[in-house]
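> Sequence and predicted structure are below.
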Amino acid sequence: MAKKTIKIRAKLSGDKTTVKCLMTHPMETGLRKDSKTGKMIPAHFINEVMAESGGKTLMTANWSGGVSKNPYLSFAFTGGQKGDEVKISWKDNQGGSDSGAVQIK
């Protein structure tokens, strides 16, 4: 995917940083038919999402075709500081990938 597909926000409140991100992706299960051609639409979904900050992995999520189109992800962690960078990256089952980063506010 050529354009940026991840919108990220990270906000510090007390000692907890809340990260919210929206990923643009078709998330096709491989079980739907194209209404015009009648052919099956091939599976195309994000299968791994990773979050990192300060050189440490915050979380890894293993997804499948059961996640909705344009998935939203939110999580919180402790130990972040204002100005620290949070990086989110994903890989899909067709070899596509993207990543984005934002500073904690």
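Perfect, I can see it now.

> Please enumerate the strands of the chain.
Ranges of strands in the chain, per DSSP state E, are 6-13, 16-23, 46-53, 56-62, 72-78, 85-92, 97-103.

> what angle separates the first one from strand 16-23?
Looking back up the chat, that one is strand 6-13. 170 degrees (axes from the mean of the first three to the mean of the last three Cα atoms, to 10 degrees).

> Neighbours of Pro42, how many?
11 (other Cβ atoms under 10 Å). Where you see a C-beta, it was placed from the backbone N, CA and C, and this is true even at glycine.

> which residues does it contact?
28, 30 (Cβ atoms under 8 Å, 6 or more residues apart in numbering).

> Model confidence for it, exactly?
Looking at Pro42, its pLDDT is 95.

> quick one: it from Asp34, how far?
Distance, Pro42 to Asp34, using Cβ to Cβ, to the nearest Å: 10 Å.

> returning to that earlier point: possible to save the strands of the chain as JSON lines with mean pLDDT?
Below are those laid out as JSON lines (pLDDT from 0 to 100):
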{"stretch": "strand 6-13", "mean pLDDT": "97"}
{"stretch": "strand 16-23", "mean pLDDT": "97"}
{"stretch": "strand 46-53", "mean pLDDT": "97"}
{"stretch": "strand 56-62", "mean pLDDT": "96"}
{"stretch": "strand 72-78", "mean pLDDT": "97"}
{"stretch": "strand 85-92", "mean pLDDT": "97"}
{"stretch": "strand 97-103", "mean pLDDT": "96"}
